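Participant: just to be clear, the model below is a prediction. Sequence and coordinates:
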Amino acid sequence: MKKNIAIIMGGYSSEYQISLKSGNVVYETLDKTLFNAYRIHIFKDKWVYVDDNNNEYPIDKNDFSFTKDNSKTTFDCVFNAIHGSPGEDGFMQGYFKLLNIKHTSCSMYQAGITFNKRDCLSILKPYGILTAESYFLNAGDTIYEDQIISKVGLPCFVKANKAGSSFGITKVHKKEDLQHAINVAFKEDDEIIIESFLDGTEVSVGVITYKGETKVLPITEIVSENDFFDYEAKYLGKSQEITPARLTKEQEEQVNTVAKKIYEVLKMKGFSRSEFIFKDNKPHLLEINTVPGLTKESILPQQAAVAGISLKNLFTNAIEEALK
């Protein structure tokens, strides 16, 4: 008997449009001989099932179901394609845990930790994971520009602590531009992280649970046409994404080992994509994404393809692992 799969997409953050693209790729690709797929839009003002004619049916949040033609539909598993809040920060994971509904992403605690860049980096540092120098600010804190620059140097990156897809991030070259960058980041989040600039090869490493085992996918090298890997570089073609990356054997082994260690230390499940920059020939962790992009242009699907895993198999495996 075919399983009912809810593909959740949208979300409450600036990433909702990318999430809708990812969710629709999952919907179009999912093996319909194995699964009944349903597109579920999650927005602040509505949770709805959207059929192929774009008719909307409200989701009953008491049991995550919908009713159409007096027939109620419930779900065996949720495929999480929400980038940002509430799909990547632990809220949906906690909700589904309470309802005892299986889902394809990591658990609530892991989602909460990895979505909070500074907490995640703080947890991983004792395990020997290298990172950039960083300085943290909360909304309302007094800003000591000289103190910040003394710690992280120039240029530096000012980032929203809990945001993705390069929203709220600025590369600062001069002290006089620091305050504006801080203001931009605070528009996305009430916590920000300011990091030293790491000058080196940037790579993205996908790690997934595949057929019951932790699998590191082929590495992608990021070569941005812009000053850094910003929104334009990610989604508007302003970058080269080279898979497999042009690394030495030693570099490849190093970053594979670190990426797998992070996945296992944090007790991750499902998809993950970690970003690193090589400084002094050693990989330094930037951040971890637990609901990475799944559009045809996205990095993780490119990596899976190089590993010989089709999108259909990638998505089927994610659901089968969740249902175990």
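Facilitator: Here it is on my side, so go on.
Participant: does Gln303 count as helix, strand or coil?
Facilitator: helix (DSSP: H, G, I helix; E, B strand; the rest coil).
Participant: mind starting the numbering at 455 from now?
Facilitator: Yes, from this point I'll number from 455; that puts the last item at Gln757.
Participant: how about it: what's its closest non-neighbour residue?
Facilitator: Leu671 (3.8 Å; C-beta to C-beta, 6 or more residues apart in numbering). Backbone N, C-alpha and C define where each C-beta goes, glycine included.
Participant: residue contacts, that neighbour?
Facilitator: Taking C-beta atoms under 8 Å, 6 or more residues apart in numbering, we find Leu671 in contact with Val659, Gly660, Val661, Ile662, Leu754, Gln757, Ala758, Val760, Ala761.
Participant: for Ala635, same thing?
Facilitator: Applying C-beta under 8 Å, 6+ apart, we find Ala635 in contact with Val612, Thr624, Val626.
Participant: domains of the chain?
Facilitator: The record's domain parsing of the chain by automatic domain parsing lists 457-558, 566-584+653-777, 588-650.
Participant: make CSV out of those and add mean pLDDT.
Facilitator: Below are the domains of the chain laid out as CSV (pLDDT from 0 to 100):
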stretch, mean pLDDT
domain 457-558, 97
domain 566-584+653-777, 91
domain 588-650, 92
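Participant: report the secondary structure element holding Glu704.
Facilitator: Counting by DSSP states H and E, the secondary-structure element that holds Glu704 is helix 703-719.
Participant: given the helix or strand following that helix, what are its sheet partners and their directions?
Facilitator: Following helix 703-719 in sequence order, the next helix or strand is strand 726-733 (DSSP H and E). If you go by DSSP bridges, strand 726-733 pairs up with strand 656-664 (antiparallel), strand 736-743 (antiparallel).
Participant: check the offset of strand 726-733 from the chain's centre.
Facilitator: Going by C-alpha atoms, centre = their mean, to the nearest Å, the spacing between the C-alpha centre of strand 726-733 and its chain's C-alpha centre is 13 Å.
Participant: between the two ends of stretch 668-679, what distance do you get?
Facilitator: Using C-alpha to C-alpha, to the nearest Å, the gap from the first to the last residue of stretch 668-679 comes to 33 Å.
Participant: show me what contacts Leu777?
Facilitator: Going by C-beta under 8 Å, 6+ apart, Leu777 touches Lys457, Asp530, Cys531, Lys556.
Participant: among those, who's most crowded?
Facilitator: Each of these was scored by neighbours using other C-beta atoms under 10 Å; the highest score is Cys531's, at 21 neighbours.
Participant: was I right about that one contacting Phe550?
Facilitator: No - with contacts counted by C-beta atoms under 8 Å, Cys531 stays clear of Phe550, the gap being 9.5 Å.
Participant: which other residues reach stretch 491-506?
Facilitator: Contacts made with stretch 491-506 from outside it, assessed by C-beta under 8 Å, 6+ apart, are listed as 458-466, 470, 474, 477-478, 480-481, 484, 510-513, 515, 520, 522, 527, 529, 536, 540-541, 546.
Participant: got the buried residues for it?
Facilitator: Of the residues in stretch 491-506, those buried under the neighbour-count criterion (16 or more other C-beta atoms under 10 Å) are Ala491, Tyr492, Arg493, Ile494, His495, Ile496, Trp501, Val502, Tyr503, Val504.
Participant: so how far is the first residue of that stretch from its last?
Facilitator: Here the two ends of stretch 491-506 are set 11 Å apart, with distance taken as C-alpha to C-alpha.
Participant: equivalent analysis for stretch 494-509, please.
Facilitator: 12 Å.
Participant: now the residue nearest the centre of the chain: how far from Ile472?
Facilitator: In the chain, the C-alpha closest to the average C-alpha coordinate belongs to Asn743, at a distance of 2.8 Å (C-alpha atoms, centre = their mean). When distance is defined by C-beta to C-beta, to the nearest Å, Asn743 is 12 Å away from Ile472.
Participant: for those two, list the residues in contact with both.
Facilitator: Contact criterion C-beta under 8 Å, 6+ apart; residues bridging Asn743 and Ile472 by contacting each: His537.
Participant: just to revisit the earlier point, and the closest residue to the residue nearest to the centre of the chain other than its chain neighbours, what does it touch?
Facilitator: Distances taken as C-beta to C-beta, 6+ apart place Arg727 nearest to Asn743, at 4.6 Å, with adjacent residues excluded. The neighbours of Arg727, taking C-beta under 8 Å, 6+ apart as the test, are Ser658, Val659, Gly660, Val661, Ile742, Asn743, Pro746, Ile753, Leu754.
Participant: swap in 7 Å and give it another go.
Facilitator: By C-beta atoms under 7 Å, 6 or more residues apart in numbering, Arg727 lies in contact with Ser658, Gly660, Asn743, Pro746, Ile753, Leu754.
Participant: now swap in Lys551 and tell me
Facilitator: Going by C-beta under 7 Å, 6+ apart, Lys551 touches Met562.
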